[in-house]
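Sharing a model prediction with you, sequence too.
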Amino acid sequence: MSSSIMKRITSIFKIVFPIFLILFIFYQGERELSRISIKKSFAAIKELHAGGFILTIIVGLLAVSVMCFYDYFLTRSVDAKIPLSKVFRVSWIANSFNNVIGFGGLAGVGLRSMLYRDHVEEGRSLLKSIAWMTPSVMNGLSILLWLVLFNVFPVRAVLHTQPWLWIAVIGAMLIAPAYLIYSFARNSKNISFKASLQYTVTSLAEWIAAGLVLFVIFRLVHIPISFLHVFGIFTVAGVTGLISLIPGGFGSFDLMILIGAQTLYPDQGTVLTALLIYRIVYYFIPFIIGLIFAALEMSETIKKKVEDHQIFTPAIETTSVIWKLQRLFLQKLANLTFPLLMICISGTIFFSVSIGVILLRYEVSSRLDFKIFFFLYMLLFGCGLILLFLIHEIYMRTKRVFYMVSIILVLTAILGIFTISLLVSIIILLVLVGLFLKRSSFVRESYPFSFATIGRTIVLAVLALAVYLKSSSLVLELLNQPHKLNFVFYGIAMGALIFAIVYISIFEFIFNKIHHQLPGEAPNFEKLQEFLEKNGGNALSHLGFLGDKRFFFSSDNKAMLQFAKSGHRLIVLGDPAGDPESFGKVLQEFHEAADYYGYTIILYQIDGENMAFYHDLGYRFFKLGEEAIVPLETFKISGKKRAGMRATFNRFNREGYVFELHSPPYSDKFMEDIKKVSDAWLGKKNEKGFSLGYFDVSYLSKAEIATLADSDGKIVAFMNLMPMYQEGYLSVDLMRYYPDSPSGIMDAMFIHLLQWAKEQGYKYFNAGMAPLSNVGQSQYSFLSERIAAIIFNNVNYMYSFRGLRKFKSKYYPIWKGKYLAFRKNRSLPITMLIVTRLIGKKPKDRPTS
């Protein structure tokens, strides 16, 4: 038979065999579980003595600790000088993750490689040693199977019921001899016979320890099966779990234990109880401890190295998809550890409350007892809801959430002793210890609540309660319980929701009162004026005098940002002002401050020249439009091309219109006159702000105002000049006129102003931006850009942008792009809505402090 045919048969077998095995597990499992009373199993767990539970936990933890010798021998084989405490932690992380996640040992390979990498000189040699150690975990099982073959472990009755297992047993028996013979023949630095022998002894000790855990649990729940029989069943079940390729052997291992125990002990409900306890004490509790160790071990430096360097090249070449998924998991693990733990605790609470309420009717003897337990279950369920609602803030690591969660975990542990079990309370206290050890990572001052945050919490609450009530109803049907208990479930759910809302609200109120919630400082016009005159500004700096934005100064006081708050976002207006060499500093410091307070940043109307700063900070960009810069040295109204401009200018001169520049301070009469112009121009529409000036006496008094008056001396149009605090540059903000003024009045104003600016020695005139000029108009544009263009042009905006480019193009400007920068995981249309909402706020609604 040719090698190609053999490869094809092998490939087919690799696909068909696991599918066949999984189908068999489902089929056989349905048969076995149909004979078991789930209700009795849960009741049996609740009736276990607390001392017995503690004993099984201790035995389970000791059994997992045995696996630490793998790492002890591994680190010695590669001459790594690593403290034993670190070896213990890394080993626990790798082995507990391997037990639950699996991936054929790749989880352990990746974790060990990442956490030991800094302690060895040759990363490739380390990887080879880890790769050789990984399959040795099957050696102990292989040796135990020889005892099955010679009937030292009397389990042949089980094998006769499932004869196909003989193939797996015989195949697994050969693993240890083959492993040791190959290592003896090779005996290289990475494949050492001495190390292989040490790994094999450790593997044997591991499997014996795991079997002892199951035996102790069998004795605890009064299953009278002898030591040798338990080990025989356990060994055969271990083979089934390994060949199933399912992480932790979940399902296949348990099914084989049920089948094997049935030949010796008929009560499978009790066996299922023992298996549930075994999974808890040997898999889940060590996994939770492993998560805590992982959170302590995986610092930002390690995560960055994983992001920047692919140190597992051989593994990537052979298992690229699995590794990439695993690497992504590892990168997020340190931040996701506690949110995942809170989800697990919440799920445990919801499940326990559902079962506990049903069993409660059999356990209480009086109405008073029922009311007391009803109240305890309500508080417990409320604790679960609180942990669920705070998941995002736990991820953000705020100081507030550390105290909130710590108190809830203590309360949950106390309630768990009376309502669930001592075991669950111990697990929660372990999580609390891990939280306390990582308290220094909860550095953010706060995480502001917004309407979006409240909306997400409401949706989460509705979903959680709906799932809880539906699952409780299904459990009632499964256990044939009266549906009148649904009223109890509804009462607990509603009471818990009220408790959760009150608890979170109290903490939100306390921390909002105690902690300052915004970076930067409130408007200080004197400081702003002094800064701009000393360090310079840009086209938008003068808008700081509106008083609707806060200021953030760099630590060297050479650069400044102005921004406003909208929900949990800080919207920065324009690029930094000041010394360009300090732009990077102020941006970095501002982002650190915003992160400290839990805010997300949006950068509005930034220049293309500074995109490198924002790119390095991880932003995406959207072109808002283009800014018109008129070169005054080439500006003129003579010539054929400017005949229309010249005609407009001459017409207003013939009709007696007078252009004039006014300097502050202004009289009350002057302010009243231009206020009438502004009010008439606004009509029934509201003022805008943030990136646009609005009529405010204090703001307008900061710079010159240009006016155009008719032949009777009545002011019919005005513009307020905006200093750019750059030599040779000038801009303008408000441009307002009476609606019944002659057509072309703004052209006349512009021409007069440009001529005046040219005479005064200015080099460039900033005529402002033409928003969304040629953005999102093509059918090939991104859908998000087209949506954003529609929003920006039509949502609550009183200005018509479509004609602005045409109007400004008459002055032959240089067009410069203006951009919006936003986080890559944020929606562009929603970001645009947030900005336009801020711009559209009435002046009285804008924060001034």
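Happy to help now that I have it.

per the record, what domains does the protein have?
Each domain of the chain is listed here as a residue range: 35-318, 339-437+452-497, per automatic domain parsing.

With mean pLDDT, mean neighbour count and distance to residue 832 added, can I get the ones you listed in a markdown table?
Where you see a C-beta, it was placed from the backbone N, CA and C, and this is true even at glycine. Written out in a markdown table, the entries for those read as follows (pLDDT from 0 to 100; neighbours: other Cβ atoms under 10 Å; distance: least, Cβ to Cβ, whole Å):
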| stretch | mean pLDDT | mean neighbour count | distance to residue 832 |
| --- | --- | --- | --- |
| domain 35-318 | 76 | 19 | 30 |
| domain 339-437+452-497 | 77 | 18 | 15 |
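
Of those domains, which is nearest residue 699?
When the domains of the chain are compared for distance to residue 699 using Cβ to Cβ, the nearest one is domain 339-437+452-497, at 31.4 Å.

how about residue 730, what does it touch?
When the contact criterion is Cβ atoms under 8 Å, 6 or more residues apart in numbering, the partners of residue 730 are 721, 722, 723, 724, 757, 762, 764, 765, 766.

Output the domains of the chain as TSV; include the columns distance to residue 745.
Written out in TSV, the entries for these read as follows (distance: least, Cβ to Cβ, whole Å):
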stretch	distance to residue 745
domain 35-318	59
domain 339-437+452-497	44
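
which one of those lies closest to residue 703?
Taking Cβ to Cβ as the criterion, residue 703 comes closest to domain 339-437+452-497 out of the domains of the chain, the separation being 38.0 Å.

Roughly how far does residue 188 sit from residue 196?
Residue 188 sits 11 Å away from residue 196 when distances are taken as Cβ to Cβ, to the nearest Å.

ugh, typo on my part, it should be residue 542
When distance is defined by Cβ to Cβ, residue 542 is 76 Å away from residue 196.

Also residue 689?
Distance of residue 689 to residue 196, computed by Cβ to Cβ: 74 Å.

my guess is residue 700 meets residue 666, correct?
Yes. With contact defined as Cβ atoms under 8 Å, residue 700 and residue 666 form a contacting pair (7.5 Å).

out of these two, which sits in the more crowded spot?
Summary of the neighbour comparison: residue 700 and residue 666, criterion other Cβ atoms under 10 Å, with residue 700 having more neighbours (24 against 15).

If you drop the residues flanking it in sequence, what lies closest to that one?
Beyond its immediate neighbours in the sequence, the residue positioned closest to residue 700 (Cβ to Cβ, 6 or more residues apart in numbering) is residue 720, lying 5.4 Å away.

who touches the helix or strand that contains the one you found?
Using DSSP states H and E, the element containing residue 720 is strand 715-723. Applying Cβ under 8 Å, 6+ apart, the contact partners of strand 715-723 are 532, 537, 539, 542-543, 657, 673-674, 677-678, 693, 700, 703-710, 730-738, 741, 745-746, 749, 753, 766.

can you give me the helices for the stretch 601-750 of the chain?
Remark: helices of the stretch 601-750 of the chain, listed N- to C-terminal, are 611-616, 643-654, 668-682, 697-700, 745-759; assignment by DSSP state H, counting those that start in this stretch.

dump the residue contacts of the nearest residue to residue 146 once chain neighbours are set aside.
Distances taken as Cβ to Cβ, 6+ apart place residue 173 nearest to residue 146, at 5.8 Å, with adjacent residues excluded. Taking Cβ under 8 Å, 6+ apart, we find residue 173 in contact with 142, 145, 146, 149.

cutoff 10 Å now
Contacts for residue 173 were tallied using Cβ atoms under 10 Å, 6 or more residues apart in numbering; they are 141, 142, 143, 144, 145, 146, 148, 149, 239.

Among these, name the ones in strands.
Within these, membership in strands is found for no residue, as judged by DSSP state E.

In TSV: those residues, plus distance to residue 564.
Supplementary listing: these in TSV, determined by distance: Cβ to Cβ, whole Å:
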residue	distance to residue 564
141	65
142	68
143	70
144	69
145	71
146	75
148	73
149	77
239	66
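
List just the nearest of the residues you listed to residue 434.
For those, with residue 434 as the reference and Cβ to Cβ as the criterion, the closest is residue 141, at 31.8 Å.

And residue 646, how close does it get to residue 607?
Residue 646 is 33 Å from residue 607, by Cβ to Cβ.

same check, this time on residue 487
Residue 487 sits 64 Å away from residue 607, taking Cβ to Cβ as the criterion.

Repeat that for residue 469.
Distance from residue 469 to residue 607, counting by Cβ to Cβ: 55 Å.

Next: residue 135.
Relative to residue 607, residue 135 is positioned 58 Å away (Cβ to Cβ).

Kindly report the same for residue 506.
Counting by Cβ to Cβ, the gap from residue 506 to residue 607 is 46 Å.

More neighbours: which of these two?
With neighbours defined as other Cβ under 10 Å, residue 506 and residue 607 compare such that residue 607 has more, 15 against 11.

residues in contact with the closest residue to the more buried one other than its chain neighbours?
Among residues not flanking residue 607 along the chain, residue 575 sits closest, at 5.5 Å (Cβ to Cβ, 6+ apart). Contacts for residue 575 were tallied using Cβ under 10 Å, 6+ apart; they are 538-541, 559, 561, 583, 587, 603, 605-607, 609-610, 613-614.

Only the buried subset of the residues you listed, as a PyMOL command please.
A single PyMOL command is used to select the members of those judged buried by 16 or more other Cβ atoms under 10 Å:
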select buried, resi 538+539+540+541+559+561+583+587+603+605+606+610+613+614
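
Go through the contacts of residue 575 and flag which are in strands.
Assignment to strands by DSSP E places the following of the contacts of residue 575 there: 559, 561, 603, 605, 606, 607.

Which one of the residues you listed is nearest to residue 812?
Of those, the one sitting nearest to residue 812 (Cβ to Cβ) turns out to be residue 607, at 20.8 Å.

Hmm, residue 216 and residue 53 touching each other?
No. Applying Cβ atoms under 10 Å as the test, residue 53 and residue 216 come out as separate, 11.5 Å apart.

Quickly note the distance from residue 130 to residue 202.
Applying Cβ to Cβ, one obtains 14 Å for the distance of residue 130 from residue 202.

Quick check: buried residues in stretch 686-697?
Neighbour-count burial for stretch 686-697, counted by 16+ other Cβ under 10 Å, picks out 687, 688, 689, 690, 691, 693, 694, 695, 696.

quick one: which of the residues you listed is nearest residue 220?
Sorting the buried residues of stretch 686-697 by how near they are to residue 220, with Cβ to Cβ, puts residue 690 at the top with 67.6 Å.

Residue 656: what's it in contact with?
If you count contacts by Cβ under 10 Å, 6+ apart, residue 656 has them with 709, 710, 711, 712, 713.

Just the terminal-to-terminal distance for stretch 274-294.
Separation of the first and last residues of stretch 274-294 by Cα to Cα, to the nearest Å is 29 Å.
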